[in-house]
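Visitor: With the input below, show me the fold.
(one chain, ligands or ions: 1)
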Amino acid sequence: MADQISLPLVLFTAAVALFHLIYRWWNARRGQRKTHNEKSQAVHLPPGSTGWPLIGETYSYYRSMTSNRPRQFIDDREKRYDSEIFVSHLFGSQAVVSADPQFNKYVLQNEGRRFQAQYPKALKALMGDYGLLSVHGDLQRKLHGIAVNLLSFERLKFDFTEEIQNLVHSTLDRWVDKKEIFLQNECHQMVLNLMAKLLDLSPSKETHEICELFVDYTNAMIAIPIKIPGSTYAKGLKARKVLIRKIFNIIKERRNNPHVVHNDLLQKLMEEGSLSDEIICDFILFLLFAGHETSSRAMTFAIKFLTTCPEALTQTKEEHDAILKAKGRYKKLEWDDYKSMKFTQCVINETLRLGNFAPGVFRETKEDTKVKDCLIPKGWVVFAFLTATHLDEKFHNEALTFNPWRWELDQDVSNNHLFSPFGGGARLCPGSHLARLELALFLHIFITRFRWEALADQHPSYFPLPYLPKGFPMRLYNRE
Ligand code: HEM
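Guide: Sure thing, here's the model as predicted:
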C-alpha cells in the first residue's frame, strides 16, 4: 500500500514545490522590478516575498503571533532583508509591512494626504460603508469630531466616572455569587453593557437584543473570514444585518413619533440633519465595537499580567487600598482620585504596550511614496505594525517582560512614537481617555474587593487580536 501511494505522493509534492519555487521567483522578480514616481526616478519596491499562493505569509504571521515570541515574524524578515520595511502578503492581499517607528509615525501623521485607512475587505463588510474606519475626507472628520465630543474630558469627569463605577460594582456583585468565573467573557459582557449605557442607548428590549446579537458580530471581527454557512464570520455578517435593521426600525419609529422626547446618542445623531440613516446605523455599530472589544481585553490582560508579577500586584494594591482608606468605603471615586493613581498609570501603559490590543493600522498609499531607498507605488496597502515597536528589544529592555516600573519616569506618553497603542494623527483613537479611565476604575474596584486564584496557565495569543485562549478561569474570594 505504501508503495502504491508513494509515487503519486512524491510527484504531487514535487509539483507543489516546483510551483512554489516558480511563484517565489516571480514574486522576487516583481519585488526587484523598477517602478516610476512622477519624476520618473527609478526606485525599487522594498525587499520581500509574497509567500505561498493565496495565503501568502499569513501562516508564518499566525505562527509567530500565537507563539511566545510574537515578534518572530518581524525578526526573521529583518534579518533576511536587513530592513524593517518589507513586502509581504497578509490577510488576502499583498502589503508593505513596516516595523519602523519613524515611518509608522509618518504614515499615521499623513492620513488623508499621502495615505488613507484601508482595512481588509472582510473587516469592511462587517464595519459597513460608513463605519468610521471605512470613511474618508470630510465625512471622517465630521464623524471623528462627533466621537471626540461624545467622549470629551468633561463627559468623562462629570458623567462617566460615576456611571462606570456603578456598573462595575453591580457586575462584580454578580461575580461574587458565581465564585468561579472566566474573566475574559465576563469583562467582555461588562464592557458591552457599559458602552450601551455610556452611549445612552435608552434601556429597552431592543437594546438588550442588540447586546445579544452583538456577541456574534464582534466574534466575527476577530474570526478567520470564511463565508460558509455556520462559520463564525458568516454568523457575524448575519448579526450585522439584523443589528442594522433594528437600529433602522428605532430611527423610523422615532421619525413617526416626533412628539416623544429622547435624550440619547441616537437622537443627537438624528438631529445633526446631514447624516443619513445608513451613516447613523454604521456609526453606532462601529462605536459599540471599537469601544468594547479593546477595552475588555485590556482589563483581562491587566489582571493576567498583575497575577504573574506579584511585586506589581502588591504595589497596585497598596495604591488602591490607600485611596479607599482616604475616601471611605461608600464614597465614589472622583476625577482627582483617578488622577492620583500614579503607579496604576504605569500598569496601564505596560498593559497597553505588552497587550497590543490594536496590533497595527492598515493604510493605502494615495500616491507613490518614497521610503529610504525604496518606493511604494500608489494604491499599495501599508500595514504599520505597532506591535513590532512595542515588543522591540532596541526600544524596550526585556520587551516581553511585564515591567510597569519602566514607565515611572515616563508618565507623559502622548508624544512617544515608540509607544502608540491608540494610533495617531487624524485617526487617533477618540476613546483613549475613556479606555484608560475604565481600566483604572475597574482595577480599583476589582483589586480592593477581591483576592483571586488563576485556575489555568495563561499563554496569550495575539492572532488575529490578543486574547487568552483559555478565557482566564479564576476563583474569587472577597477580601477581609
Ligand atoms: C484599549 C483600548 C483601545 C485601543 C488600544 C484602541 C486603539 C485604537 C487605534 C489604534 C485606533 C486607530 C485605527 C487607525 O488609525 O486605523 C483606534 C481608532 C478608533 N477608536 Fe479606539 N482603541 C481603544 C478603545 C476605544 C474606545 C473605548 C472607543 C470608544 C468608545 C474607541 C473608539 C475608536 C474609534 C471611533 C476609532 C476610529 C477613529 C477614526 O477612524 O477616526 N476606541 N482605536
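Visitor: Tell me if H433 really is in a helix.
Guide: Yes. Assessed with DSSP: H, G, I helix; E, B strand; the rest coil, H433 lies in a helix.
Visitor: Kindly indicate whether the closest residue to it other than its chain neighbours is helix, strand or coil.
Guide: Leaving aside its chain neighbours, H433 sits nearest to L156 (5.9 Å; criterion: CB to CB, 6 or more residues apart in numbering). Yep, even glycine has a C-beta here, placed from its N, CA and C like the rest. With three-state DSSP as the basis, L156 sits in helix.
Visitor: cool, L324 as well?
Guide: Going by three-state DSSP: L324 is helix.
Visitor: Can you name the residues that contact it?
Guide: H444, T448 (CB atoms under 8 Å, 6 or more residues apart in numbering).
Visitor: how close does it sit to the ligand?
Guide: As judged by CB to the nearest ligand atom, to the nearest Å, L324 and the ligand stand 25 Å apart.
Visitor: Tell me the pLDDT of that residue.
Guide: pLDDT, L324: 96.
Visitor: Looking at the chain, what residue ends up closest to the ligand?
Guide: G431 (2.1 Å; CB to the nearest ligand atom).
Visitor: So that residue versus T344, what's the distance?
Guide: 19 Å (CB to CB, to the nearest Å).
Visitor: V107 too?
Guide: Relative to T344, and taking CB to CB, V107 is found at 31 Å.
Visitor: Report the buried residues of stretch 398-406.
Guide: A399, F402, N403, P404, R406 (16 or more other CB atoms under 10 Å).
Visitor: what's the first-to-last distance across stretch 396-412?
Guide: One end of stretch 396-412 to the other measures 16 Å (CA to CA, to the nearest Å).
Visitor: for the record, mean pLDDT for that stretch?
Guide: 92.
Visitor: same thing with stretch 166-186?
Guide: 94.
Visitor: Give me the buried positions along that stretch.
Guide: L167, V168, T171, L172, W175, I181, F182, L183, Q184, E186.
Visitor: Could you work out the most separated pair of those?
Guide: L167 and F182 (19.0 Å; CB to CB).
Visitor: you'd agree V361 is up against L108?
Guide: Yes. At 7.0 Å, V361 counts as touching L108 under the criterion of CB atoms under 8 Å.
Visitor: Mutual contacts of these two, please.
Guide: Joint contacts of V361 and L108 (CB under 8 Å, 6+ apart) are A384, G423, R427.
Visitor: Which of those residues fall in strands?
Guide: A384 (DSSP state E).
Visitor: so which strand or helix has the spatially most central residue of the chain?
Guide: Central residue of the chain (CA atoms, centre = their mean): A358, 3.0 Å from the mean position. Using DSSP states H and E, A358 falls within no helix or strand.
Visitor: Check K39 and give its pLDDT.
Guide: For K39, pLDDT reads 43.
Visitor: so can I have CSV of the buried residues of stretch 398-406 showing secondary structure?
Guide: Formatted as CSV, the buried residues of stretch 398-406 follow (three-state DSSP):
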residue, secondary structure
A399, coil
F402, coil
N403, coil
P404, helix
R406, helix
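Visitor: Pull the most distant pair out of these.
Guide: The widest separation within the buried residues of stretch 398-406 (CB to CB) is 13.9 Å, between A399 and P404.
Visitor: Get me the contact residues on the protein for the ligand.
Guide: Neighbours of the ligand within the chain, by CB under 6 Å from any ligand atom: 117, 132-133, 140, 144, 147, 151, 287, 290-291, 294-295, 298, 357-358, 361, 421-423, 427, 429-431, 434-435.
Visitor: For the stretch 301-450 of the chain, which segments are assigned as helices?
Guide: For the stretch 301-450 of the chain, the helices defined by DSSP state H, counting those that start in this stretch cover 310-327, 335-339, 342-355, 386-390, 432-449.
Visitor: mind putting these in CSV, distance to D100 included?
Guide: Output for those, formatted as CSV (distance: least, CB to CB, whole Å):
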stretch, distance to D100
helix 310-327, 31
helix 335-339, 35
helix 342-355, 18
helix 386-390, 8
helix 432-449, 23
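Visitor: just those: most buried one?
Guide: Among the helices of the stretch 301-450 of the chain, helix 386-390 has the highest mean neighbour count (mean count of other CB atoms under 10 Å), at a mean of 25.
Visitor: And whatever helix or strand D138 lives in, what does it pack against?
Guide: If you go by DSSP H and E, D138 is part of helix 137-150. Taking 3 or more CB pairs under 8 Å, 6 or more residues apart in numbering; DSSP states H and E as contact, the helices and strands that helix 137-150 lies on are helix 277-307.
Visitor: Now do the buried residues in the helix it packs on.
Guide: So, applying 16+ other CB under 10 Å, buried residues of helix 277-307: 279-307.
Visitor: now it and helix 310-327, what's the angle there?
Guide: Put simply, helix 277-307 runs at 110 degrees to helix 310-327, going by axes from the mean of the first three to the mean of the last three CA atoms, to 10 degrees.
Visitor: how big is the angle separating helix 277-307 from helix 342-355?
Guide: 110 degrees.
Visitor: V168 reaches F442, doesn't it?
Guide: Yes. Contact criterion CB under 8 Å: V168 and F442 qualify, at 5.6 Å.
Visitor: Between the two, which contacts overlap?
Guide: With CB under 8 Å, 6+ apart, V168 and F442 have no common neighbours.
Visitor: Excluding chain neighbours, what is closest to I303?
Guide: In space, I303 is closest to L183, 6.2 Å off (CB to CB, 6+ apart).
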